[in-house]
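Chemist: Just to be clear, the model below is a prediction. Sequence and coordinates:
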Amino acid sequence: MVPAESTGQHKDRVLPGAPSRPGAASPLLDIKNLTIEFGSFNPPARAIEGVCLTVHHGETVCLVGESGSGKSVTALSIARLLSSPPARYVEGEIWLDGHEILGLPETELRRLRGRVVSYVFQEPSASLNPVRTIGSQILEALKLHQPSLATKEEVVRLLAMVGIPSPETRADDYPHQMSGGMQQRAAIAMAIASRPKLLVADEPTTALDVTVQAQILDLMRELQGEFGMAILLITHNLGIVREIANRVAVIYAGQIVETAPCAELLRQPRHPYTAALIRAVPELGRRANRLHAIPGQVPSSFDRPEGCRFHPRCEFARPECQKNSPLLIPAGLGHWTRCPWHDQLPLAPLSPDSKA
Ligand code: ADP
Ligand code: MG
């Protein structure tokens with residue numbers, strides 16, 4: 001994942017010493033410098049600003065951040081699913097499988113939805129029609145995107161694949177006849193029926209109890225093994241990130257504040273916000289019996305602080321942080337942070353110097 005600043009697309013934001021990727025395969029998803037406002041307010045609410053996010057073929061990237069930080073807005077923008085108005089794409093580009101999404105006519109976009117990207121949401125009801133059987137909905141998704149596979153047998157095979165018992169019978173169930181966990185499995189079956197190259201899963205396990213959460217994550221991993229699709233998983237839970245991510249992007253108040261390979265990010269966070277998120281998860285922090293909630297709240301999109309957006313909540317904030325808006329800077333191979341002081345701070349959760 002290389003922020004667009006390093007690509008030279010936005011000359012005023014080019015980073016000195018940013019690594020190039022000579023010969024690297026072009027990414028499946030490349031969000032460049034994306035800014036989205038909701039325009040029905042005066043001044044408009046800037047939900048995300050300058051967001052850069054890359055997902056390569058077959059990769060699992062997690063987008064992490066507290067509620068209200070811009071995860072869903074980013075996710076929905078990929079297939080241009082935000083209603084516009086009120087959403088306004090102010091700046092940036094979204095490249096998906098070689099197409100620039102923001103400039104694409106609606107008819108072409110419709111062909112990409114499903115075939116290239118499909119979604120699983122927190123509530124299965126967002127994907128499932130309550131008045132039609134599960135089987136008929138999956139069959140319709142197949143007819144639309146994979147007509148040669150549109151058979152009852154394929155529906156049953158998909159339901160079996162996502163772990164729904166007695167799939168021949170359950171295909172005739174309506175969503176309300178299933179538990180939340182089974183409905184989410186059915187929603188996943190529908191999302192993968194079209195064989196997407198990218199599955200965007202927005203908090204897919206948040207509404208489920210812990211045991212079912214683990215089963216759904218296992219399922220997504222298995223399906224990725226089987227189909228080789230890339231996954232963009234959105235979560236506020238770093239425990240989930242550790243289980244599944246290759247790479248991680250951390251978003252705060254509408255901006256990406258850190259991106260890195262997963263293991264490195266958890267071992268060696270380079271932004272105080274990431275370090276605080278890690279410490280808030282008991283099994284990831286150094287002292288398992290102490291939970292460090294991050295004080296304060298994500299500022300609303302109307303009321304962002306000057307300078308670094310995290311400074312009012314940052315235990316390491318300096319006077320400069322109130323004035324200067326930091327850019328993403330390199331902090332290692334494939335590792336970027338928006339904190340200019342990162343190498344002077346005791347951020348590593350496992351370091352003996354850590355305040356965890
Ligand atoms: P997350 O998914 O990280 O919890 P969202 O992406 O849903 O956060 O929201 C990011 C910001 O955009 C929030 O401040 C939210 O209030 C704002 N926002 C999202 N959708 C709308 C909308 N339809 N109208 C106005 N503001 C919105
Ligand atoms: Mg959300």
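Modeler: Yep, that arrived. Ligands and ions are numbered 1, 2, ... in the order given.
Chemist: And the contacts of the worst-scoring helix or strand of the chain on mean pLDDT?
Modeler: Across the helices and strands of the chain, the lowest-confidence element by mean pLDDT, DSSP states H and E is helix 210-227, at a mean of 88. Helix 210-227 is contacted by residues 58, 60, 161-163, 180-181, 184-185, 188, 192, 195, 199, 201, 204-205, 208, 229, 231, 233, 240, 243-244 when judged by C-beta atoms under 8 Å, 6 or more residues apart in numbering. For glycine as for every other residue, the C-beta is placed from the backbone atoms N, C-alpha and C.
Chemist: Next: stretch 174-190.
Modeler: Under C-beta under 8 Å, 6+ apart, the answer for stretch 174-190 is 120-121, 124-134, 137-138, 141, 158-159, 161-164, 170, 204-205, 207-209, 212, 215-216, 219-220, 223.
Chemist: and ligand 1, which of those residues reach it?
Modeler: Restricting the contacts of stretch 174-190 to those adjacent to ligand 1 (criterion: C-beta under 6 Å from any ligand atom) removes every one of them.
Chemist: pretty sure Phe121 is touching Thr205, no?
Modeler: No. Using C-beta atoms under 8 Å, Phe121 is not in contact with Thr205, being 11.2 Å away.
Chemist: if I pick Val116, what's in contact with it?
Modeler: Residues touching Val116, when contacts are defined by C-beta under 8 Å, 6+ apart, comprise 96-97, 99, 196-198.
Chemist: Which of these are buried, as a PyMOL select command?
Modeler: This is how PyMOL selects the buried members of those, with burial counted by 16 or more other C-beta atoms under 10 Å:
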select buried, resi 96+97+196+197+198
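Chemist: among the contacts of Val116, which are in reach of ligand 1?
Modeler: Of the residues in those, proximity to ligand 1 by C-beta under 6 Å from any ligand atom holds for none.
Chemist: Next, format the contacts of Val116 as a markdown table and append pLDDT.
Modeler: As requested, those are arranged in a markdown table below (pLDDT from 0 to 100):
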| residue | pLDDT |
| --- | --- |
| Leu96 | 97 |
| Asp97 | 96 |
| His99 | 95 |
| Pro196 | 94 |
| Lys197 | 96 |
| Leu198 | 97 |
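Chemist: and the stretch 101-250 of the chain, which residues reach ligand 1?
Modeler: Within the stretch 101-250 of the chain, no position lies close to ligand 1 (C-beta under 6 Å from any ligand atom).
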